[in-house]
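K.L.:
need the 3D shape of this:
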Amino acid sequence: MKIQINANDRVFVTGKTGSGKSVLVKKLLLPQLDNFVIYDYKHEIELPPPAVVFTSLDDFKKQSNIQQIIYRPQLADSKEFNGLCYRIFRRGANVLVMDEVADHTTASKIEPQHDIIMRLGRSRGVGCINCTQRPIGVHNNIISQSEHFFIFETTLPGDRKKLAGFIGDKVLEIPPKYHFWYYTPEMSEPVLCKPVKICK
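P.N.:
Got it, this is the predicted structure:
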């Protein structure tokens, strides 16, 4: 099936390490987007040009016309992350990509500017791709505001049970390796999808 992502959509991607999340983001989601900011707190993400690495919030003031950004924070603390979300929201017409959203949210806490992107970003053309290994530790606002769900293998029953509360009982079943459940609120139930192809 063809999966279309718009720039102001909210996307939730979950699965254990090695399940296929990163491949899906790089090969299926990012190619559909013109403007994005990848929050790379682990300093591990590499993309070919025209992607540019930013290391401070001042970069946004000096180079506001850059379309594809990898943001490598100096501190990776809540204050800097909030500032980044504020800049992304003000910038408009771009997408925040979170490699591991659980590093800046819990089941009971979400950073204020991240929450604003999730609730109000659509009006400014701002989207968000939230990735995580453990959905049980993610704030419900992130899940409830999402319009696209990609659910890879999650081994703990609590994670699948939380997702089933939003999506339906089909996701209680663990998909085959590298396969994923795909769901949007317009669908009656999730659809099992084949692994994303990696073109060499």
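
K.L.:
all strands of the protein, in order?
P.N.:
Here the chain has its strands, by DSSP state E, at 10-14, 36-39, 52-54, 68-71, 95-98, 127-132, 148-151, 180-183, 191-193.

K.L.:
who are the packing partners of the longest one?
P.N.:
Under the contact criterion of 3 or more CB pairs under 8 Å, 6 or more residues apart in numbering; DSSP states H and E, the helices and strands touching strand 127-132 comprise strand 10-14, strand 95-98, helix 112-120. All C-beta atoms are positioned from the backbone trio N, CA, C, and that covers glycine.

K.L.:
and those as TSV, adding mean neighbour count and distance to residue 191?
P.N.:
Putting these into TSV (neighbours: other CB atoms under 10 Å; distance: least, CB to CB, whole Å) gives the following:
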stretch	mean neighbour count	distance to residue 191
strand 10-14	26	15
strand 95-98	26	23
helix 112-120	19	24
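
K.L.:
which one of the strands of the chain lies nearest to residue 28?
P.N.:
Taking CB to CB, strand 148-151 is the member of the strands of the chain nearest to residue 28, at 8.6 Å.

K.L.:
check the offset of that closest one from the chain's centre.
P.N.:
Taking CA atoms, centre = their mean, to the nearest Å, the mean C-alpha location of strand 148-151 is offset from the chain mean by 10 Å.

K.L.:
of all the residues in stretch 75-91, which ones are buried?
P.N.:
78, 80, 81, 82, 83, 84, 85, 86, 87, 88, 89, 91 (16 or more other CB atoms under 10 Å).

K.L.:
report the contact partners of the nearest residue to the first one once chain neighbours are set aside.
P.N.:
Think residue 78. Of all residues not flanking residue 78 in the chain, residue 111 sits nearest, at 5.9 Å (CB to CB, 6 or more residues apart in numbering). Listed by CB atoms under 8 Å, 6 or more residues apart in numbering, the contact set of residue 111 reads 78, 81, 82, 85, 104, 105.

K.L.:
who's the residue nearest to residue 51 when sequence neighbours are not counted bridged to?
P.N.:
The shortest distance from residue 51 to any non-neighbouring residue, by CB to CB, 6+ apart, is to residue 68 (4.2 Å). Per DSSP bridges, the residues bridged to residue 68 are residue 36.

K.L.:
check the gap between residue 68 and residue 127 for me.
P.N.:
Computed with CB to CB, to the nearest Å, the distance linking residue 68 and residue 127 is 14 Å.

K.L.:
run through the protein and note the low-pLDDT ranges.
P.N.:
Flagging of the chain using pLDDT under 70 yields the residue ranges 199-200.

K.L.:
what are the ranges of the helices in it?
P.N.:
21-24, 58-62, 78-91, 112-120, 140-144, 157-167 (DSSP state H).

K.L.:
distance from the fourth one to the middle of the chain?
P.N.:
Think helix 112-120. 13 Å.
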